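S.K.: Here is the input, now give the coordinates:
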Amino acid sequence: MSVPLLYRLEHLEQYVTTPTRLDRTLDLCFGNIPGVYVSKPRPPLGRSDHNVILLLPKYRQKLKTEDIQTKTIQVWNDDSVDALRGCKEITDWEIFFQSCEGDLNLLTDSISSYLSFCVDAVIPTQQVKLYPNNKPWVTKDLKQCLNNKKVAFLQGDKHRVKQYNSELRRKTRLAKLHYKNKVEEKFTTGNAREAWQGLNTMMGRAQKPALIQCSDPATFAEQLNIYYSRFDRTHTQNDWTLTSSSSITVDKRKVTSILGRINPHKASGPDRLRGKVLRECSVQLGDVITQLFQHLLDSSFVPRMWTYRCRRNLTPGR
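M.R.: Numbering: from 1, shown residues only. From the prediction side, this is the model:
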């Protein structure tokens, strides 16, 4: 006559106390420390006929997990780009040149500030939540299907759990296929940067940590600023001038062509204008940027904001 395992291990405690199939407890988990875990049922995986048991420790754990991040992004679509282009087309750029009265520093700062103001006023924004455990192919519809399955399981409706389980497998397969095709499309179109980002995300490769680790980034950045600008401390002239004996003529068509080829993923310059703005509005900004650069070249002048901010915008780890 065989003796049940529970009686042979009477000095150990069975942690699984909830039924796994109907009213029977098939899963066994023993331990020599009583009252350590609490068992909770979860929906079955795939086509399994018994529930999954989740063992949670009764003591409070100090988990080091990332918090949910809320990020504000700009929504660039055809309507917002057309509105931004229209804002640039109706702008009277001659007012900037007349009101500055030959002050090229004020002229450059005014045009840059106005362009940034137009982007903030016209391009809509949206707040998104970034979850640290989200897979890139997990969509909003997939999350809703998973939540419906959990609700049906808690209500004890086995028929609905089976339906949602089948629907969840189908939607998961389609979501993964859609994401795979999206990554492959990046390779075929020559966008290697985003393609490798997608592959790293699929493989779970974390981003490389910053090479410079410091407790106070602001203080460290200021120390770098002081070190690299030590040669300019004796320079008493606030404005920088260039000397050139040959006259240079700026061509509007070439300026427009160069603006249209700007990589929108590159970092912005000292004027804080994004490359996407200059590229999308290359036709509308070709005239004013041509005039601005022509004034700067004729005066052999470099605006203060282009030199000062280059020395101040030092960020550790970048």
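S.K.: for stretch 90-109, which positions count as buried?
M.R.: 91, 93, 96, 97, 100, 104, 105, 107, 108, 109 (16 or more other Cβ atoms under 10 Å). For the C-beta atoms, the positions are set from N, CA and C on the backbone; glycine is no exception.
S.K.: Poorly predicted segments of the stretch 1-150 of the chain, please.
M.R.: Along the stretch 1-150 of the chain, the model assigns pLDDT under 70 to residues 1-9, 59-66, 132-133.
S.K.: mind listing the strands for it?
M.R.: 13-14, 30-31, 37-42, 52-57, 69-74, 125-130 (DSSP state E, counting those that start in this stretch).
S.K.: To residue 281, which of those strands lies closest?
M.R.: When the strands of the stretch 1-150 of the chain are compared by Cβ to Cβ, strand 69-74 sits nearest residue 281, at 14.3 Å.
S.K.: Provide the angle between the direction of that closest one and the direction of strand 125-130.
M.R.: Angle, strand 69-74 to strand 125-130, by axes from the mean of the first three to the mean of the last three Cα atoms, to 10 degrees: 150 degrees.
S.K.: about what we covered before: mean neighbour count and distance to residue 81 added to the strands of the stretch 1-150 of the chain, as CSV?
M.R.: Listed next are the strands of the stretch 1-150 of the chain as CSV, based on neighbours: other Cβ atoms under 10 Å; distance: least, Cβ to Cβ, whole Å:
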stretch, mean neighbour count, distance to residue 81
strand 13-14, 16, 64
strand 30-31, 13, 62
strand 37-42, 15, 46
strand 52-57, 13, 48
strand 69-74, 10, 11
strand 125-130, 9, 15
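S.K.: Select, out of those strands, the one closest to residue 188.
M.R.: Smallest distance to residue 188 across the strands of the stretch 1-150 of the chain (Cβ to Cβ): 26.2 Å, for strand 69-74.
S.K.: Run me through the strand neighbours of that closest one, direction for each.
M.R.: Applying DSSP bridges, strand 69-74 is found paired with strand 125-130 (antiparallel).
S.K.: quick one: residue 217 from residue 229, how far?
M.R.: Applying Cβ to Cβ, to the nearest Å, the value for residue 217 to residue 229 is 18 Å.
S.K.: So which of the strands of the stretch 1-150 of the chain is nearest residue 164?
M.R.: Among the strands of the stretch 1-150 of the chain, the nearest to residue 164 by Cβ to Cβ is strand 37-42 (13.8 Å).
S.K.: Paired strands for that closest one, with orientation please.
M.R.: strand 52-57 (antiparallel).
S.K.: Mind putting the strands of the stretch 1-150 of the chain into CSV with distance to residue 306?
M.R.: Converted to CSV, the strands of the stretch 1-150 of the chain look like this (distance: least, Cβ to Cβ, whole Å):
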stretch, distance to residue 306
strand 13-14, 72
strand 30-31, 67
strand 37-42, 59
strand 52-57, 58
strand 69-74, 24
strand 125-130, 28
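S.K.: For residue 305, find the nearest of the ones you listed.
M.R.: strand 69-74 (23.0 Å).
S.K.: Pull that closest one out as CSV, backbone CA atoms only.
M.R.: Extracted in CSV, the C-alpha atoms of strand 69-74 (Å, rounded to 0.1, in the frame of the first residue of the first chain):
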residue,chain,number,x,y,z
GLN,A,69,7.4,57.1,-17.2
THR,A,70,5.1,59.7,-18.7
LYS,A,71,6.6,61.3,-21.8
THR,A,72,5.2,64.2,-23.9
ILE,A,73,5.8,63.8,-27.6
GLN,A,74,4.9,65.8,-30.6
